[in-house]
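Engineer: Quick one: sequence plus predicted model below, questions after.
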Amino acid sequence: MSNSENNLWISTIASGSSGNSSIIGDLSGNNILIDCGISCKRIVEGLNELSVGVEDIKGIFITHEHTDHINGLMMLMKKYKIPVFASLGTLLAITKCRGFDNSYKKIMHKIYANCAFDLNGFEVNCFNIPHDAAEPLGFSFIKNGTKVSVCTDFGMVTDEIEEGLRGSNAMVVEANHDERMLEAGRYPFQLKRRILGDKGHISNENSGKLITKIWNENMQHIFLGHLSEDNNMPELALETVRCELFMKHKNYEEYTKISVANRNNISEKVVIKSPII
């Protein structure tokens, strides 16, 4: 049996091509925000729905500088002075964004891929991901033996991503598009080429293959995130990933729940049971 006081939880405040923000916390009020791709107002409203105060956010981790991941960041820094953690490339790109004030530099912290550090009892690990941004990262957070990870916006699966996500008890992982929908859709050729490229976004099928490769019986919940509004459907993403997983792990449903993160609203608050006796 697990000690419930040691449990972590995870949810998403928004997840999709129009904006992304995830949250991980423990039951002692230590919470971490990953990305702020919607307005500050909407983030605060989402936190309130999850019974989390802004003052309980111990750090904001930014995967990369694209607008759908930092839209509310400047206002959050201005109003609440929450520490921000990102790669050097991402931090430099943020300083060039509209609304940036040099005073924000005091709360911005440079982190490095594959160099773990501690934040309020969380062991933070980050890893490189292939995306057309300055220096994008995926993240995992470990506390009391429980590992929770967030990895979106990558065009192909790498050994580093597999290693970064391996052993996760819960995670948000991208399932951006269905390749057939994208190829037949209205997007211009160059945009299709970007999405399908090695530094673009990952398809439902490849997301399923990644999950299948790293799955184990301790993986309790998977959120499929960053779905394209035009080139995907929640039911399609879910079914594609489930089929990939079922082909190799026919009993996965005994251990793991897979759901699609909501685009514009909070997703369910999932408590991850700690393995500590």
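Structural biologist: Structure's in. What do you need?
Engineer: and the longest helix that the chain contains, what does it pack onto?
Structural biologist: Looking only at the chain and at elements set by DSSP state H, the helix with the highest residue count is helix 234-248. Counting by 3 or more CB pairs under 8 Å, 6 or more residues apart in numbering; DSSP states H and E, the packing neighbours recorded for helix 234-248 are helix 204-214, strand 221-225, strand 257-260. For every residue, glycine as well, the C-beta is placed using N, CA and C.
Engineer: Now the shortest one - C-alpha only, CSV.
Structural biologist: What follows is strand 257-260, C-alpha atoms only, in CSV (Å, rounded to 0.1, in the frame of the first residue of the first chain):
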residue,chain,number,x,y,z
LYS,A,257,-5.7,5.0,-17.8
ILE,A,258,-5.2,7.0,-21.0
SER,A,259,-7.2,10.2,-21.5
VAL,A,260,-7.0,13.3,-23.8
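Engineer: Pull the distance from that strand to the chain's centre.
Structural biologist: Going by CA atoms, centre = their mean, to the nearest Å, the spacing between the C-alpha centre of strand 257-260 and its chain's C-alpha centre is 14 Å.
Engineer: Start from the N-terminal end of the stretch 51-200 of the chain and give the helices.
Structural biologist: Per DSSP state H, counting those that start in this stretch, the stretch 51-200 of the chain carries helices over the ranges 67-70, 73-80, 88-95, 159-165, 179-184, 189-196.
Engineer: Would you indicate which residues of the first one are buried?
Structural biologist: Applying a neighbour-count criterion of 16 or more other CB atoms under 10 Å, the buried positions in helix 67-70 are D68, H69, I70.
Engineer: Now render those residues as TSV, adding distance to K213.
Structural biologist: Listed next are the buried residues of helix 67-70 as TSV, based on distance: CB to CB, whole Å:
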residue	distance to K213
D68	27
H69	26
I70	30
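Engineer: ok, so of the residues you listed, who is nearest G16?
Structural biologist: For G16, the closest of these turns out to be D68, at 8.0 Å, with distances computed as CB to CB.
Engineer: just for the stretch 151-277 of the chain, where's the confidence low?
Structural biologist: Applying pLDDT under 70 to the stretch 151-277 of the chain flags the ranges 276-277.
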